[in-house]
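>>> What follows is a predicted structure for the sequence shown.
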Number of protein chains: 2
Amino acid sequence: MSAHEKGYFTEADSVEVVTGRNANAADPRLRQVMEVITRKLHEAVKEIEPTQEEWLKAILFLTQTGHMCTEWRQEFILLSDVLGVSMLVDAINSRRPKGASENTVLGPFHVAGAPEYEMGANICLDRKGEDMRVRGRILDTEGRPVAGARIDVWQANDEGFYDVQQKGLQPDFNLRGVFTTGADGRYWFRAVKPRFYPIPDDGPVGRLLRALGRHPYRPAHLHFIITAEGYDPLTTHIFDPDDPYIDSDAVFGVKESLLAEFRRVEDPARAQEAGFEGPFWDVEFDFVLARA
Amino acid sequence: MSAHEKGYFTEADSVEVVTGRNANAADPRLRQVMEVITRKLHEAVKEIEPTQEEWLKAILFLTQTGHMCTEWRQEFILLSDVLGVSMLVDAINSRRPKGASENTVLGPFHVAGAPEYEMGANICLDRKGEDMRVRGRILDTEGRPVAGARIDVWQANDEGFYDVQQKGLQPDFNLRGVFTTGADGRYWFRAVKPRFYPIPDDGPVGRLLRALGRHPYRPAHLHFIITAEGYDPLTTHIFDPDDPYIDSDAVFGVKESLLAEFRRVEDPARAQEAGFEGPFWDVEFDFVLARA
């Protein structure tokens, strides 16, 4: 019997020695997950060959990340975000047929119970910023309009803050709203052009980004959750392709198919038609839902 | 240009998209380490295909592990220990020529400044437990005695507790001592037979062990740090091969070469020779130091 079959540790058989202990795990899924995690962790250690000091640095980084977590701050989710893990998990759970709109991460700023509006409403309650019209269609993968689709939208303001980050400075439910499509599947609403913003970077994850020569910014975007009976729920963003951070979203949320176009409209007649008194940004974007 | 070359996320190219952001990292070692960690993490996620709920469970586990860490408790080190990572890092940093004694983990109970004793001293200050004699030689890889070797030994008592875990119940520096070899390279001291003990299992790591059908016990052992001018320092244990947990050390510290033999001696003449009044356990173990 070899050393590892007896349960004794060897460098060469480290994975088998450790995972061999989980034979009595009650939950086969947990056993499988821990087999993969242990194997990949040992592969990483064997490739990195950390010194004891480097290992301790990693322990302290994880400890500081844990200590940064409170009821209001989730530093491990931030870590998952900046390592692309959140996007990867989202992608794996949102594989869709060709032509359907792609998912991206939900993010921490969704709030349930936003006001329901008629089409055309202006969700920017304090009117601060540059006027913007957003419109388009909710379609199925055959290009037919989806009636009764519920569109839950939220976004940061022109300073890069969500209402919940500026309680008292922004009205409650500023830049949030819920719309429902009619038979034509069309939607439209008014808001202000959102701005890029940093993820919280005053903790261990921010320090890691700086050490890696990375910035903490997310390019300007609008969030959507679109649901309709019989269709796969769609959680996504649309992005401004002219944003300075469009190619380097700190959390990797940008997918090529989610780039919208933000067109500046100066024509007074068109402004009046859109319900604005002056120039505005016009955004047109169709969402395609996959059948459930 | 492909989506990932533009910095946009795709499931297939997730590793390249994320690691591509680290091009400006000031420290090339950090960049390399994060490349490996990111790649192995994404490989693990792609193989596991976690649901969003499973991902959140992992986030919460790490958060609870962080919150368990205090000045006195290092739950992330425990996690590293029970996943065999601490042993693996130790093994990678302690590769030695054939014939030299193997390292094992230091553990959290070493205390600097233990009393220096003459050979033969009894380091069990309260005499509670079954008497034990430990003896052997410190040798080089050619089998020659090493003079002036400093042997720092510490162990749990017969209830499985170190002195620092039972302040007030055990004398300070109980079952700790430092010995220095003479020209013959021989050492001997007296103590009591140590007992198996659990690692702290009242936190997230203990819950993980239970979910995996694993126990938290470490088999009975003595710790040694042996140093000598011109030799590679040796941090190791010797183990009792008859311990019920010898094949399933919760932290994987057991290596086959570190199994000693604990022989029960009933002969009154031999007891007297060893400095005991009755039966005792006799342990003989040679340590072989590698040249620095």
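On my side now, so go ahead.
>>> low-confidence ranges in chain A?
Chain A contains no residues with pLDDT under 70.
>>> who's in contact with whichever residue of it sits closest to chain B?
Among all residues of chain A, A:G66 sits closest to chain B, at 0.9 Å; criterion: CB to the nearest CB. In this view, the C-beta of every residue, glycine as well, is placed from N, C-alpha and C. Applying CB atoms under 8 Å, 6 or more residues apart in numbering or on different chains to A:G66 gives the contacts A:E75, A:F76, B:L62, B:T63, B:T65, B:G66, B:H67, B:C69, B:F76.
>>> Using neighbour counts, trim these to the buried set.
A:E75, A:F76, B:L62, B:T63, B:T65, B:G66, B:H67, B:C69, B:F76 (16 or more other CB atoms under 10 Å in any protein chain shown).
>>> Can you pull the phi and psi angles for the last one?
Per-residue torsions, B:F76: phi -70, psi -30 (degrees, to the nearest 10).
>>> Correct me if wrong: it contacts A:I59.
Yes - counting by CB atoms under 8 Å, B:F76 touches A:I59, with 4.9 Å between them.
>>> one step back: now the contacts of A:G66 as a markdown table including distance to B:D140 and secondary structure?
Listed next are the contacts of A:G66 as a markdown table, based on distance: CB to CB, whole Å; DSSP: H, G, I helix; E, B strand; the rest coil:
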| residue | distance to B:D140 | secondary structure |
| --- | --- | --- |
| A:E75 | 49 | helix |
| A:F76 | 48 | helix |
| B:L62 | 45 | helix |
| B:T63 | 49 | helix |
| B:T65 | 43 | helix |
| B:G66 | 45 | helix |
| B:H67 | 48 | helix |
| B:C69 | 41 | coil |
| B:F76 | 38 | helix |
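>>> Would you mind giving those residues as JSON lines with distance to B:I48 added?
As requested, the contacts of A:G66 are exported to JSON lines (distance: CB to CB, whole Å):
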{"residue": "A:E75", "distance to B:I48": "22"}
{"residue": "A:F76", "distance to B:I48": "17"}
{"residue": "B:L62", "distance to B:I48": "15"}
{"residue": "B:T63", "distance to B:I48": "19"}
{"residue": "B:T65", "distance to B:I48": "19"}
{"residue": "B:G66", "distance to B:I48": "22"}
{"residue": "B:H67", "distance to B:I48": "24"}
{"residue": "B:C69", "distance to B:I48": "26"}
{"residue": "B:F76", "distance to B:I48": "21"}
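>>> Beyond the longest strand that chain A contains, next helix or strand please.
For chain A, the longest strand by residue count, based on DSSP state E, is strand A:131-140. Later in the chain than strand A:131-140, the nearest helix or strand by DSSP states H and E is strand A:150-155.
>>> Name the residues of the stretch 151-292 of chain A found near chain B, please.
A:211-214, A:246-249, A:252-256 (CB under 8 Å from any CB of the partner chain).
>>> A:A191: neighbour count?
Taking other CB atoms under 10 Å in any protein chain shown as the criterion, the count of residues near A:A191 is 27.
>>> just the one 4 residues further on next, same as before
Neighbouring residues of A:R195 were enumerated by other CB under 10 Å; the total is 18.
>>> Just the element for it, please.
Here A:R195 is assigned to no helix or strand, by DSSP H and E.
>>> dump the residue contacts of the residue nearest to it when sequence neighbours are not counted.
Take A:R195 and drop its neighbours on the chain: the residue closest to it by CB to CB, 6 or more residues apart in numbering or on different chains is A:G160, 4.3 Å away. For A:G160, the contact set (CB under 8 Å, 6+ apart) comprises A:P194, A:R195, A:F196, A:Y197, A:P198.
>>> Buried subset of those, written for PyMOL?
Buried residues within those, by 16+ other CB under 10 Å, are selected in PyMOL with:
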select buried, chain A and resi 194+195+196+197
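>>> Now for the contacts of A:G160: which two are most distant?
A:P194 and A:P198 (13.9 Å; CB to CB).
>>> does A:G136 have beta-bridge partners, and which?
A:Y187 (DSSP bridges).
>>> Touching, it and A:Y187? I think so.
Yes - with contact defined as CB under 8 Å, A:G136 counts as touching A:Y187 (6.3 Å).
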